[in-house]
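S.K.: got a sequence here, can you build the structure:
(chains A and B)
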Amino acid sequence: MDTPTPIRRAGRATPYLFLAPYLVLFGVFVVLPALYGLWISLHDWDFLLPRKPWVGLRNYQNLFSPESRDFGDFWQSMKATGLFTLFSVPFLVALPLLVALLLNREFPGRTFFRAIFFAPYVLGVAVVGVLWRFLLDPNIGLINNMLSASLPWTTDLPWAWVSLVGMTVWWTLGFNAIIFLAGLQDISRELYDAAKVDGANRWQQFLHVTLPGLKPVLLLVLTMTILSSANMFGQSYLVTRGAPANETRTAIMFIADTGLRTFRMGNAAAMSYVLALALLVVSAFNFRFLRQEDT
Amino acid sequence: MTWALGTGAAAALGGCQESRAPRESKDSKVTLTFWNGFTGGDGAYIKKLVEQFNQATPGIQVKMNIYLWADFFQKVPGAVISGQAPDVCVMHLDGIPTNAARGIIMPMDDLAQALGLKASDYTSQEVWQGGLYKGRRYGIPFDMHPLGMYYNKGVLRRAGLDPEKPPRTGDEYMAALEQLKGKGIQGHWMAPFLFTGTFQFESLLWQFGGELFDPGVTRATFDSDAGVRALTWLVDLVKKGYSPPNVGQDADFIAFQNGQNAFNWNGIWQLNALDEVPGLEWGAAPIPRIGPQEAVWGNSHQFVLMRQRSPDPRKLEAARTFIQWMSQRSVEWLESGKIPVLQRVAESPEFKSLEMQGQFARQAPYIRFPPAVAGISDALALVDKAVNQAVLGKASPADALKAAAAQATQVVRDNHEKYGD
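M.R.: Below you'll find the predicted structure:
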């Protein structure tokens, strides 16, 4: 009767103690830098100049006033990011799902194929970039040579997008496929057996058993893929160099240019917040959309 | 001492070097860190020079780090801020004002004075002046590296052209391209990127009498008539079929090595890359005079001292010895594909024996440099954009230049405000 009190008192701190290590890391490496970034975005900030004048919301206003220096470039880069996300996400979700469905079946050499599909993912973006830059070169590249064509794979639209999406799919497909594969193996066999007993064909089994069973995994893959596509940087930087005329320069690439090359950290920070906000909206919409279908 | 060879005037400076060396060898060793961006063929040469220096001066040991130039210019400020700054660096002439204004590099007028350096020792006044910012010296010139014209002798022979007489004027150049075209060879691949499309455009802009900016660098002027004529000439190479459209990054240089094109206007730093291609017969010459006057793009590497959180006088002293030693040893460095900045090196028999470098050096009197003002690279990026747009056929030369120049004017005005000069 008198024992529960001390236990409860000790128990009150327990969850926080469990959380503490993570909270400290989260605070120091995420929350504080994020707040500091917000502070930077309100200044004309070059970390090496003694004068970092306060400019209030001017860095944000500049992004929305057409006569400012960054307006055109920033929104072009946002458009490039949006287009890349729009073009790449459907392929990066559908193809890995297809691959996962195939690899989930029993056939000889299954492990070998799993390895083959996952292999490119372990390469760094620098390797992938240099590799594809040579394959895709419009004049001396292997791909044009094999097609006996001279398609401008890296220097004109829409070809540059085809290249960037294509190489990204080749590169990262394996990762999503592995996640789908894990999800597929979590769906219990009994459901399929029951469906068969009810006379469901292959397609009906996929629609009514596989897809609902995969829903949480699908949501995860979709959100992660959208976010990583929106953060695309290396492929454009290495393969197209933003060509033609910055049309494939993504938001992250432009922000890095502004902050790290022209040392306008205040402007770059403001741009990052606008980009982050846009991604937040997209992700929230995502969760909302997929959850509503549940009910 | 072997390291004193090949430099006539080293004798004049030798005095202070020799009086210094014994004192240092008695002290404990000083270790200097030296950063640069010589990732290309020149990396091997700088390594060799540093090794020689380390052997020659037991009291001073230099540790070198090589980064890609793009990474180098991003890493250095961080290193200075965090107190991990290297002692000595090499950077480009047009990078000096930005880094001086941002307090990353230190003035070294006293060093220049101690070394007895003066304008008349140098082959180019622009290179010497380029080391200055707001009247103080921040950079000690190491070399110049201009654009030049490589020509593929085998391809010229195939087209019935004289492989020993590369074209010198615009008319001769056009005639050669026409003859090559007749044999199904696209003679001049036009790259739409900084390497080397922008360098070609800037060279021609100057040849047509234009300037990138007005004298005070308050306004971009590369959209002038001269600019439009220069870019139109380059875009016409594509339109008239002398160049394929949509040339990829570096594809022009690779095609040159493969015998697919005849002429490549590229940097002197590519010399050794061409030497390594088996069976390639090539020559180098000044770029042809297309406009009414001679001009060619170039840049210069300069030694700079980095700001230290707690400056160590012994290290500073050692850094001076190192810079002096290296900048006097130009000929060994020039073999990597550079041309001399010191008059007496340019006139030395050792340099005269470097045949290809000599071809590039013929341009020395009219090499032009990017303007040396703080933050200039931000504005120059817009020249790249205009060249890219026009060469890829996305906009007419006049429109592309006009839009880019308007934006560049905004950028240089921002920079004046930011850096206060």
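S.K.: okay, CA-based contacts and neighbour counts for the rest of this
M.R.: Fine.
S.K.: contact residues of the stretch 1-150 of chain A facing chain B?
M.R.: Listed as neighbours of chain B in the stretch 1-150 of chain A under the rule Cα under 8 Å from any Cα of the partner chain: A:48, A:49, A:69, A:137, A:138, A:139, A:140.
S.K.: from what I see, the second one and residue B:102 are in contact.
M.R.: Yes - if you go by Cα atoms under 8 Å, residue A:49 and residue B:102 touch, sitting 5.7 Å apart.
S.K.: show the buried residues in the residues of the stretch 1-150 of chain A next to chain B.
M.R.: A:48, A:69, A:137, A:138, A:139, A:140 (16 or more other Cα atoms under 10 Å in any protein chain shown).
S.K.: and of these, the nearest to residue B:318?
M.R.: Here the nearest of these to residue B:318, counting by Cα to Cα, is residue A:48; it sits at 26.5 Å.
S.K.: and the closest one, that's in a helix?
M.R.: No - according to DSSP: H, G, I helix; E, B strand; the rest coil, residue A:48 belongs to no helix; its state is coil.
S.K.: distance of it from residue B:307?
M.R.: Per Cα to Cα, to the nearest Å, residue A:48 is found 12 Å from residue B:307.
S.K.: find residues that contact each of those two.
M.R.: In terms of Cα atoms under 8 Å, 6 or more residues apart in numbering or on different chains, residue A:48 and residue B:307 are both contacted by the residues residue B:103.
S.K.: what is the neighbour count of residue A:229?
M.R.: Residues contacting residue A:229 under the criterion other Cα atoms under 10 Å in any protein chain shown number 22.
S.K.: which ones are touching it?
M.R.: A:81, A:84, A:85, A:88, A:89.
S.K.: for the first one, which non-adjacent residue is closest in space?
M.R.: Distances taken as Cα to Cα, 6 or more residues apart in numbering or on different chains put residue A:250 closest to residue A:81, at 5.0 Å, once the chain neighbours are dropped.
S.K.: so which helix or strand takes in residue B:173?
M.R.: helix B:170-182 (DSSP states H and E).
S.K.: ok now that helix, how far from the chain's centre?
M.R.: 29 Å (Cα atoms, centre = their mean, to the nearest Å).
S.K.: and for stretch A:200-220?
M.R.: 24 Å.
S.K.: now swap in stretch B:206-224 and tell me
M.R.: With Cα atoms, centre = their mean, you get 20 Å for stretch B:206-224.
S.K.: which parts of it are buried?
M.R.: Buried residues in stretch B:206-224 (16+ other Cα under 10 Å): B:206-213, B:217-224.
S.K.: surely the residue nearest to residue A:81 meets residue A:80?
M.R.: Yes - counting by Cα under 8 Å, residue A:250 does reach residue A:80; the two are 5.3 Å apart.
S.K.: so which of those two has more stuff around it?
M.R.: residue A:250 (31 against 22).
S.K.: quick one, what contacts that one?
M.R.: Contacts of residue A:250 by Cα under 8 Å, 6+ apart are A:77, A:78, A:79, A:80, A:81, A:232, A:233, A:236, A:242.
S.K.: out of the residues of the stretch 1-150 of chain A next to chain B, name the ones that lie in strands.
M.R.: Per DSSP state E, strands hold no members of these.
S.K.: between those residues, which is nearest residue B:401?
M.R.: Taking these together and measuring to residue B:401 by Cα to Cα, the closest member is residue A:69, at 16.1 Å.
S.K.: residues near the residue of the stretch 151-295 of chain A found nearest chain B, how many?
M.R.: Taking Cα to the nearest Cα, chain B has its nearest neighbour within the stretch 151-295 of chain A at residue A:245, 5.0 Å off. Residues lying near residue A:245 (other Cα under 10 Å) number 25.
S.K.: contacting residues around it?
M.R.: B:385, B:386, B:388, B:389.
S.K.: how close does it get to residue A:264?
M.R.: Distance, residue A:245 to residue A:264, using Cα to Cα: 22 Å.
S.K.: same deal with residue A:178?
M.R.: Distance from residue A:178 to residue A:264, counting by Cα to Cα: 41 Å.
S.K.: what sits against the closest residue to residue B:289 other than its chain neighbours?
M.R.: Once flanking residues are discounted, residue B:289 sits nearest to residue B:169: 4.8 Å by Cα to Cα, 6+ apart. Shown in contact with residue B:169 (Cα under 8 Å, 6+ apart): B:288, B:289, B:290.
S.K.: low pLDDT regions in the stretch 1-150 of chain A?
M.R.: A:1-10 (pLDDT under 70).
S.K.: name the helix or strand for the spatially most central residue of chain A, please.
M.R.: Per Cα atoms, centre = their mean, the C-alpha nearest to the average position across chain A is that of residue A:228, at 1.0 Å. Element membership for residue A:228 (DSSP H and E) is helix A:211-230.
S.K.: other residues contacting stretch B:283-294?
M.R.: Here stretch B:283-294 has contacts from B:147-153, B:166-171, B:173, B:204, B:206-209, B:265, B:295-296, B:356, B:359-360, B:362-363, B:366, using Cα under 8 Å, 6+ apart.
S.K.: try stretch B:247-261
M.R.: Under Cα under 8 Å, 6+ apart, the answer for stretch B:247-261 is A:137-140, A:154-155, B:152, B:154-155, B:185-193, B:195, B:262-264, B:266, B:274, B:277, B:280.
S.K.: try 7 Å this time
M.R.: A:137-140, A:154-155, B:152, B:155, B:185-193, B:262, B:264, B:280 (Cα atoms under 7 Å, 6 or more residues apart in numbering or on different chains).
S.K.: could I get the buried residue list for stretch A:273-283?
M.R.: Within stretch A:273-283, the residues scored as buried using 16+ other Cα under 10 Å are A:273, A:275, A:279, A:283.
S.K.: just the CA trace of that stretch, in CSV.
M.R.: Below are the C-alpha coordinates for stretch A:273-283, written out as CSV (Å, rounded to 0.1, in the frame of the first residue of the first chain):
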residue,chain,number,x,y,z
TYR,A,273,13.1,27.7,-45.2
VAL,A,274,10.8,28.3,-48.1
LEU,A,275,11.8,24.9,-49.6
ALA,A,276,11.4,23.2,-46.2
LEU,A,277,7.9,24.7,-45.8
ALA,A,278,6.9,23.5,-49.3
LEU,A,279,8.1,20.0,-48.5
LEU,A,280,6.2,20.1,-45.2
VAL,A,281,3.0,20.9,-47.0
VAL,A,282,3.6,18.1,-49.5
SER,A,283,4.3,15.6,-46.8
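S.K.: buried residues in the longest helix anywhere in chain A?
M.R.: If you go by DSSP state H, chain A has its longest helix at helix A:71-103. By 16+ other Cα under 10 Å, the buried positions in helix A:71-103 come out as A:71-85, A:87-89, A:91-93, A:95-97, A:99-101, A:103.
S.K.: same deal with stretch B:102-120?
M.R.: B:102, B:103, B:104, B:105, B:106, B:107, B:108, B:109, B:111, B:112, B:115.
S.K.: thinking again about what came up before, quick check, nearest of the buried residues of stretch B:206-224 to residue B:28?
M.R.: The closest of these, once distances to residue B:28 are taken by Cα to Cα, is residue B:217, at 48.3 Å.
S.K.: so which residues make contact with stretch A:42-56?
M.R.: So stretch A:42-56 is contacted by A:57, A:59, A:263, A:264, A:265, A:266, B:102, B:103 (Cα under 7 Å, 6+ apart).
S.K.: residues touching the first one, list them.
M.R.: Contacts of residue A:57 were listed using Cα under 7 Å, 6+ apart, and they are residue A:42.
S.K.: that one and residue A:217: what is the separation?
M.R.: 40 Å.
S.K.: and what of the fourth one?
M.R.: The span separating residue A:264 from residue A:217 equals 40 Å under the rule Cα to Cα.
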